[in-house]
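> What follows is a predicted protein model with its sequence.
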Protein chains: 2
Amino acid sequence: MAAAAPPPSPTPAPAVIREDLIPTAPQVFSRIRLATNADVPHIHKLIHQMAVFERLTHLFSATESSLSTTLFPENSPPPFTTFTVFLLEVSQNPFLPIDNQNCTNFSPIHKTINLDLPVSDAEAEMFKSGGNDAVVAGFVLFFPNYSSFLAKPGFYIEDIFVRECYRRKGFGRLLLSTVAAQAAKMGYGRVEWVVLDWNVNAIKFYEEMGAQILQEWRVCRLTGGALEAFANVNI
Amino acid sequence: MAAAAPPPSPTPAPAVIREDLIPTAPQVFSRIRLATNADVPHIHKLIHQMAVFERLTHLFSATESSLSTTLFPENSPPPFTTFTVFLLEVSQNPFLPIDNQNCTNFSPIHKTINLDLPVSDAEAEMFKSGGNDAVVAGFVLFFPNYSSFLAKPGFYIEDIFVRECYRRKGFGRLLLSTVAAQAAKMGYGRVEWVVLDWNVNAIKFYEEMGAQILQEWRVCRLTGGALEAFANVNI
């Protein structure tokens, strides 16, 4: 004889889900927009941090005033035709639209990033941007270059930098792809930049995104007294 | 007793100098001026010769039309604020002044060069420039770049090229020093360019003129399908 079936288990009572106790993946809102003269103090600090990272502070002599004069001169030409800066901002809250960038033919890029862990930004106060909790997290500075073989302009990226606590979260890739998208939109042929040969993480990152590393070319630089001297040889 | 002094030698008769028989060092007149749209056919041929020299003809796709559109667009900005070409011309005769370059804030550079041997230019007809016997012998293409460490613009030289029969006569140096002089005049901080690491003659020449060769930096390039693909990653 078959054993009597055990009595059915009691239906479990529905759990009370307290949403405030669920561990959610932290999220940040990010935006890339054109920098303006008002951003110069932040740009100056970012360039200095980049010089420290590249072990090149002995070459750093920019001031807020000299950056302002050269990056945002009076009657400056439209963005993308000359030196151009994109600023990366992050916030716990969605960004509001920017009115005054409508006339520049560039719509800010918005992206929501899911993080593994919340970012602890010890420099948040120093890099505060705008009225809410947004901070400046990085930048890219670029300008048109030219390939005579292609007979096409391109963009040369002079600097790309993300502050340390925001690295390895896709922001560098976001900055680079924003420049690449602008180049593609304008029908440009190339985006180029340089990398230090010991910066293997950066080289790996660039190769993974499809960039070629040109091993045969070396940069030549004439500057300071040598530039002055050579400028006068035929006078 | 001292031997009698020998009679003085007869005074030699003054030689009859026939100036038409004296082998004179050959001389050429050279000029560096801003290129215009009318120079595009020459510029196109020079860029192609440069691609052959650099073993990079597989990257060459410029046409006269695409060069004209991109280097000399309608309403193009003033020289030195964007892509700029200096053309090197040589002639057996002095150059006449150019009227229409007075408004460009650049006065052509003239230099008379003494040669060891006359130049035999097999391509003289193809590179004929203007009404007299002048020929185009080379060019330099450059545009503004920017150093954020210095907070100063500079010039980046994309191409510098002298046709083979005019090499080793100081013309490359003349082209480079003309760009350096323009940079110094404008208060710019640097002149930069790249060189192939196997081109030891060029490297020696650049070092002798005071340039640093930056051994640690590598050029990264995103182009073609990789550029298109990467431009779309965040869309």
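Here it is on my side, so go on.

> Just confirm residue A:175 is within a helix.
Yes - counting by DSSP: H, G, I helix; E, B strand; the rest coil, residue A:175 falls inside a helix.

> Please name the residues that touch it.
A:32, A:86, A:88, A:138, A:139, A:140, A:160, A:162 (C-beta atoms under 8 Å, 6 or more residues apart in numbering or on different chains). Quick note: C-beta positions are derived from backbone N, CA and C, even for glycine.

> Tell me the one of the residues you listed nearest residue A:95?
Within these, proximity to residue A:95 (C-beta to C-beta) peaks at residue A:32, which comes in at 10.4 Å.

> so the closest one bridges to which residues?
Going by DSSP bridges, residue A:32 is paired in beta bridges with residue A:88, residue A:109.

> now it: how far from residue A:26?
20 Å (C-beta to C-beta, to the nearest Å).

> any weak-confidence spans in chain A?
A:1-25, A:99-104, A:234-235 (pLDDT under 70).

> So which of residue A:32 and residue A:26 has more stuff around it?
residue A:32 (23 against 13; other C-beta atoms under 10 Å in any protein chain shown).

> ok, the more buried one touching residue A:173?
No - between residue A:32 and residue A:173 there is no contact under C-beta atoms under 8 Å: 11.6 Å.

> ok, and does the top strand by length along chain A reach over to chain B?
Determined from DSSP state E, the single longest strand within chain A is strand A:135-147. Yes - judged by C-beta under 8 Å from any C-beta of the partner chain, strand A:135-147 comes into contact with chain B through A:141, A:143, A:144, A:145, A:146, A:147.

> just the helices in chain A please.
In chain A, the helices defined using DSSP state H lie at A:40-53, A:64-71, A:171-185, A:200-208, A:224-231.

> looking at those, which is closest to residue A:79?
Residue A:79 lies closest to helix A:171-185 among these, at 9.2 Å (C-beta to C-beta).

> With distance to residue B:65 added, can I get the residues of strand A:135-147 next to chain B in CSV?
Below are the residues of strand A:135-147 next to chain B laid out as CSV (distance: C-beta to C-beta, whole Å):
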residue, distance to residue B:65
A:141, 32
A:143, 25
A:144, 20
A:145, 21
A:146, 16
A:147, 16
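
> How about residue A:60, nearest residue that isn't a chain neighbour?
residue A:51 (4.2 Å; C-beta to C-beta, 6 or more residues apart in numbering or on different chains).

> Buried residues in stretch A:176-196, which are they?
For stretch A:176-196, a neighbour-count test (16 or more other C-beta atoms under 10 Å in any protein chain shown) marks A:176-184, A:188-196 as buried.

> no, scratch that, I was asking about stretch A:206-216
A:206, A:209, A:210, A:211, A:212.

> ditto for stretch A:106-123
Here stretch A:106-123 shows A:106, A:108, A:109, A:111, A:113, A:119, A:121 as buried, counting by 16+ other C-beta under 10 Å.

> taking the residues you listed one by one, which sit in strands?
Using DSSP E, the subset of the buried residues of stretch A:106-123 located in strands is A:109, A:111, A:113.

> follow-up on the earlier one: I'd say the residue nearest to residue A:60 and residue A:61 touch.
No - Residue A:51 is beyond contact range of residue A:61, at 9.8 Å (criterion: C-beta under 8 Å).

> can you list residues touching both of the two?
Common neighbours of residue A:51 and residue A:61 (C-beta under 8 Å, 6+ apart) are residue B:149.

> Give me the more crowded residue out of the two.
residue A:51 (20 against 14).

> show me the residues around the more buried one that make contact.
A:57, A:59, A:60, B:149.

> Can you tell me how far the second one is from chain B?
Think residue A:59. Distance of residue A:59 to chain B, given as C-beta to the nearest C-beta, to the nearest Å: 5 Å.

> give the contact list for that residue.
Contacts of residue A:59 by C-beta under 8 Å, 6+ apart are A:51, B:149, B:150.

> can I assume the second one is in contact with residue A:61?
To tie it back to what came earlier, the one meant is residue B:149. Yes - at 6.7 Å, residue B:149 counts as touching residue A:61 under the criterion of C-beta under 8 Å.

> How many neighbouring residues does residue A:128 have?
Applying other C-beta under 10 Å, we find 14 other residues in the vicinity of residue A:128.

> residues near the closest residue to it other than its chain neighbours, how many?
Leaving aside its sequence neighbours, residue A:128 sits nearest to residue A:135 (C-beta to C-beta, 6+ apart; 5.9 Å). Neighbour count for residue A:135, taken as other C-beta under 10 Å: 25.

> End to end on stretch A:206-221, go ahead and measure it.
With C-alpha to C-alpha, to the nearest Å as the measure, stretch A:206-221 spans 24 Å from end to end.

> that older thread, please identify, among the contacts of residue A:51, the one with the most neighbours.
The most crowded member of those, judged by other C-beta under 10 Å, is residue B:149 (21 neighbours).

> Could you pull up the contacting residues of that residue?
A:47, A:51, A:56, A:59, A:60, A:61, A:62.

> Take the residues you listed and keep only those in strands.
Among the contacts of residue B:149, DSSP E puts none in strands.

> if I read this right, residue A:40 contacts residue A:62, doesn't it?
No - if you go by C-beta under 8 Å, residue A:40 and residue A:62 don't touch, sitting 10.0 Å apart.

> hmm, back to that, check the buried residues of stretch A:176-196 against chain B, which are close?
Answer for the buried residues of stretch A:176-196 near chain B (C-beta under 8 Å from any C-beta): A:176-178, A:180-181, A:183-184, A:189-196.

> now for those residues, which pair is the farthest apart?
So, these by C-beta to C-beta: farthest apart are A:184 and A:196, at 27.0 Å.

> count of residues packed around residue A:80?
By other C-beta under 10 Å, neighbour count at residue A:80 equals 22.

> can you check residue A:132 too?
Residue A:132: 13 neighbours (other C-beta under 10 Å).

> residue contacts, it?
A:91, A:93.

> and what of residue A:136?
Contacts of residue A:136 by C-beta under 8 Å, 6+ apart are A:39, A:42, A:46, A:87, A:88, A:89, A:127, A:129, A:163.

> what does residue A:28 give?
Contacts of residue A:28 by C-beta under 8 Å, 6+ apart are A:90, A:91, A:92, A:112, A:113, A:115, A:119.

> Kindly present those as TSV, with separate columns for distance to chain B.
As requested, these are exported to TSV (distance: C-beta to the nearest C-beta, whole Å):
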residue	distance to chain B
A:90	15
A:91	18
A:92	21
A:112	12
A:113	11
A:115	17
A:119	20
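
> which other residues reach stretch A:228-235?
Taking C-beta under 8 Å, 6+ apart as the rule, stretch A:228-235 contacts A:222, B:109, B:111, B:173-174, B:176-178, B:180-181, B:183-185, B:209-210.
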